[in-house]
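Q: take this sequence and fold it.
(chains A, B, C and D)
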There are 2 protein chains.
Amino acid sequence: MERDQQPGGRPGRRPTLADVAAASGVSRALASIVMRGAEGAGEATRERVLETARQLGYRPDSRARLLRSSRTRLLGITFTVSEPFHGEIVESIYAAAEAAGFEVLLSAVGAQRPEARAVETLLDAGVEAALMISPSSGPADLAALARQVPVISLLSAAVPGIDAVRSDDAAGIRAAVQHLAALGHRDIAHVDGGDAVASAERRAAYEESMREAGIGECIRILHGGAHEADGIAAAGELLAGRRPTAVVAFNDRCALGILEAAWRTGLRVPDDLSVVGYDDSQLARLDHVRLTSVSQDAAGLAEAAVACAAARIRSEEPDGLVLQPALVVRSTTGTPPD
Amino acid sequence: MERDQQPGGRPGRRPTLADVAAASGVSRALASIVMRGAEGAGEATRERVLETARQLGYRPDSRARLLRSSRTRLLGITFTVSEPFHGEIVESIYAAAEAAGFEVLLSAVGAQRPEARAVETLLDAGVEAALMISPSSGPADLAALARQVPVISLLSAAVPGIDAVRSDDAAGIRAAVQHLAALGHRDIAHVDGGDAVASAERRAAYEESMREAGIGECIRILHGGAHEADGIAAAGELLAGRRPTAVVAFNDRCALGILEAAWRTGLRVPDDLSVVGYDDSQLARLDHVRLTSVSQDAAGLAEAAVACAAARIRSEEPDGLVLQPALVVRSTTGTPPD
DNA sequence: CCGATGTACTAGATCGATCTAGAACCGCAG
DNA sequence: CTGCGGTTCTAGATCGATCTAGTACATCGG
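A: Next up is the predicted model:
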């Protein structure tokens, strides 16, 4: 496979701004002005330069640009490849960042690639702020990092010294419980997130809203986790004895486990059992699942996070860090059996 | 949140190599030599420079480094955030790339962000090669791209002019059919991938291996797709009439749909129905699924892709572009019912 | 004591862009 | 013709690193 030979340029190299300038008979500075769309170039020259740039197939070298202008306008993101909901947020961040004039640099976290390493890559690339989705590092590490660059954590509880953009988990759980109670459910169980980050808060919110709904005596909490298998395991216990009529799960994946266990046992959802998830992830929206779920509003979180980063970069205090979640009712909740 | 003031450096800016050099009383060039671990520095000075670098919290600026050295050693990757299997490959690529001395630059493709745009970001950053996981661009676009930088596609059928690293789909399907035939199955159906990329090839391989196994008269192909809902839909048709004893699905997500439909209908897997997937994704490995699946060997594909990219960068011809898949037998296949 | 060899180190150019300061040129009022 | 404000354009410095060429200074053989 042969690379293009640039006509008039050095063979095999991609054309530079200097090539464009030379080819159109202007200085590098003016060519730069034209390419940036800045003012200070005549209309005729502007078009001529743009035309030759197009002909040469010129692409500005982002490394060189970023190097010179102290503002890199780069936002770094760490996310976990195996978490579907992270993917959704990443996609929303792209949109929000572009709208705000930022470029996005992704760095994946995985079994082979610890978060610390992912973050280092971002720092080396010169990001102006780091958005970390469900950061797993300890408060001390995060604080150390925050001393080098503004850090915004998403989907995690607040850590002193770094901004956390998240949704109001208590409100989300309350909406779920109220929805079920309004449908007539009383035996509403909760499968918690085990030792996952937001688990304790959601558990507490569940207890409180059960009492608010006047069914505090029906509180029943099962140990769960963030993944399908946890939901299945909890469901085994849940469906064995006296069965509740509804379950609020820690998140969608956990809820999916409960659903599958129910299906396998021959239970009909929602006729025999109502299930509510949390995240409103793609998983919940799949045609065959149609899970009622608390929407974390990936787009909203992403926008808030980008806005927060932008504020920090301008050395301002950010606000609007807690978003209100909304319950999305689909096909896994209904009135309880008689 | 205050950023660190660099002792002796300009306030608020991260320290540069010049700062390190000045602070340890050597020239920038020598400091560079030490930081790169190149030879040509005395032992004593080397330690002194490293020490001051550590104290200043110096981090080399990758943009500047890459700008100067014509070799950027950057591999660009496009992947789809919502595809779990892509995530697995991405993670493996990180490992393979680092082992080969490359850095990795991710660019996500999604509903809001077309592949063309994702690729442009990579080019602007100066990647030496682009690895595209399941590229969606047409042959013409890919060819145009390949004229600017070596392009390696993963998981896609070969396109003239660009390298495709993939596994031998025919062999994978054959392994699945042979496994089922060996267990005693004759009524083995295939739910295909609809218009997904590798669908036609896998469908043909299914037909051929059925004939090879002497059960050509049992060939039965249902229209499916790459997602759970497609599996569910196909299963509706499949389980309604004369039921096969085994199904080979286009991929794991499709197989999962079939599994769920089976569970919901009260069928036991594998007692009443055996199911085989394709990809050996995390999905297949989940505790509650334990899906027998054809392993595409994400790590192997990643290594081959990186090796291929490295070869192209050295202007050599790559080889080993087709990997042999392996069947991973789990809990969804067994002997047929009497 | 001189020149050769080698190690430790430095000055300055360079990568490809941006940015600053100032030059060239225009038309127009005085 | 001169001076002035405004636009268009250019030369050269700059960002933070690498790389080349070459300078000091030791050591060593003759």
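
Q: closest residue of the stretch 201-338 of chain A to DNA strand C?
A: A:I313 (15.3 Å; CB to the nearest atom of the strand). (C-beta placed from N, C-alpha, C; glycine too.)

Q: my read is A:G277 is in a strand, agree?
A: Yes - according to DSSP: H, G, I helix; E, B strand; the rest coil, A:G277 belongs to a strand.

Q: so what pairs up with it in the strands?
A: Counting by DSSP bridges, A:G277 is bridged to A:S293.

Q: would you map the helices across the stretch 201-338 of chain A?
A: A:228-240, A:252-265, A:282-285, A:298-313 (DSSP state H, counting those that start in this stretch).

Q: which elements pack onto the longest one?
A: Judged by 3 or more CB pairs under 8 Å, 6 or more residues apart in numbering or on different chains; DSSP states H and E, helix A:298-313 is in contact with helix A:84-99, strand A:129-133, strand A:151-154, strand A:163-167, strand A:322-323.

Q: contacts (any at all) between chain B and the following helix or strand past the first one?
A: Spelled out, that is helix A:84-99. Going down the chain from helix A:84-99, the next helix or strand is strand A:103-109, by DSSP states H and E. Yes - residues of strand A:103-109 contacting chain B under CB under 8 Å from any CB of the partner chain: A:E103, A:L105, A:L106, A:S107, A:A108.

Q: still on that earlier bit, let's have the helices and strands packed on helix A:298-313 in a markdown table, adding mean neighbour count.
A: Putting those into a markdown table (neighbours: other CB atoms under 10 Å in any protein chain shown) gives the following:
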| stretch | mean neighbour count |
| --- | --- |
| helix A:84-99 | 22 |
| strand A:129-133 | 26 |
| strand A:151-154 | 27 |
| strand A:163-167 | 23 |
| strand A:322-323 | 16 |
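
Q: need these in JSON lines (columns: mean pLDDT and distance to B:Y278).
A: Converted to JSON lines, the helices and strands packed on helix A:298-313 look like this (pLDDT from 0 to 100; distance: least, CB to CB, whole Å):
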{"stretch": "helix A:84-99", "mean pLDDT": "94", "distance to B:Y278": "20"}
{"stretch": "strand A:129-133", "mean pLDDT": "96", "distance to B:Y278": "30"}
{"stretch": "strand A:151-154", "mean pLDDT": "95", "distance to B:Y278": "34"}
{"stretch": "strand A:163-167", "mean pLDDT": "93", "distance to B:Y278": "37"}
{"stretch": "strand A:322-323", "mean pLDDT": "93", "distance to B:Y278": "39"}
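
Q: rewinding a little: what's the spacing between the residue lying closest to the residue of the stretch 201-338 of chain A closest to DNA strand C once chain neighbours are set aside and A:P60?
A: Among residues not flanking A:I313 along the chain, A:E128 sits closest, at 5.1 Å (CB to CB, 6 or more residues apart in numbering or on different chains). Per CB to CB, to the nearest Å, A:E128 is found 19 Å from A:P60.

Q: run a quick neighbour tally on the nearest residue to A:D319 once chain neighbours are set aside.
A: The spatial neighbour of A:D319 that comes closest, neighbours along the chain excluded (CB to CB, 6+ apart), is A:A311 at 7.9 Å. Look at A:A311: counted by other CB atoms under 10 Å in any protein chain shown, it has 18 neighbours.

Q: relative to DNA strand D, how far out is A:A311?
A: Counting by CB to the nearest atom of the strand, to the nearest Å, the gap from A:A311 to DNA strand D is 23 Å.
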